[in-house]
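Asks: This is a predicted model, with the sequence first.
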Amino acid sequence: MDTAFEFDMTLDANGVMLFRFSGVFDVDKWVDQQRAAAVRLFGSKIDPTRPAVVDLRAFIPPQGDWTKIAKLVLARSQSLGETRKRCALITGGNFCIDLACRFYILSKTFMSRSKCDTRTFCTIEEGYAWAAETFVTPVPSRLH
């Protein structure tokens with residue numbers, strides 16, 4: 001099993017952001033790669049109104065003090081822009097990944113003192129349906 005950290009971010013035809021994490025999480029590599037992907041897709045920061053689906057099925061939670069890691073992730077997240085409108089974390093039913101996600105959600109809620117509209121799901125289909133259910137893709141105006 002390859003444990004090298006990899007990150008990918010795409011935008012699907014419906015305007016939903018799709019993230020994929022694999023390998024042992026590395027916060028610095030993640031931030032650098034997410035910034036590069038945001039520039040490639042949006043020209044600058046990510047639009048916070050877009051829902052996100054995060055595929056963590058091949059994610060490996062890092063070893064160490066999760067509280068310190070959560071603080072670092074949240075601090076670095078703030079430098080990337082506002083939080084997504086809705087964010088579905090896909091665990092694939094993996095207990096360790098689910099535990100790491102729940103810890104992240106609780107940490108984010110506590111540290112930011114605001115409700116976190118992030119949930120865990122076993123499948124991409126379930127998570128995608130929830131994340132995108134209230135999202136309306138803007139239609140360009142037809143001015144003549």
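Replies: Sure thing, it's come through.

Asks: So which helix or strand of the protein has the lowest pLDDT on average?
Replies: Least confident helix or strand, the chain: helix 66-80 with a mean of 68, by mean pLDDT, DSSP states H and E.

Asks: So residue 96 is in contact with residue 59, correct?
Replies: No - with contact defined as C-beta atoms under 8 Å, residue 96 does not count as touching residue 59 (9.1 Å). Glycine gets a C-beta too; all of them are placed from N, C-alpha and C.

Asks: the more surrounded of the two?
Replies: residue 59 (26 against 11; other C-beta atoms under 10 Å).

Asks: So which bits of the host helix or strand of residue 129 are buried?
Replies: Assigned by DSSP states H and E, residue 129 falls within helix 124-132. Across helix 124-132, burial judged by 16 or more other C-beta atoms under 10 Å covers 124, 127-128, 130-132.

Asks: Name the nearest residue to the residue positioned nearest the centre of the chain, sequence neighbours excluded.
Replies: Nearest to the mean C-alpha position of the chain, by C-alpha atoms, centre = their mean, lies residue 54 at 4.8 Å. Spatial nearest neighbour of residue 54, chain neighbours left out: residue 19 (4.3 Å); criterion: C-beta to C-beta, 6 or more residues apart in numbering.

Asks: so when I look at the one you found, I'm seeing a helix, right?
Replies: No - assessed with DSSP: H, G, I helix; E, B strand; the rest coil, residue 19 is strand; it does not lie in a helix.

Asks: My guess is it contacts residue 52. True?
Replies: Yes - with contact defined as C-beta under 8 Å, residue 19 reaches residue 52; the gap is 6.1 Å.
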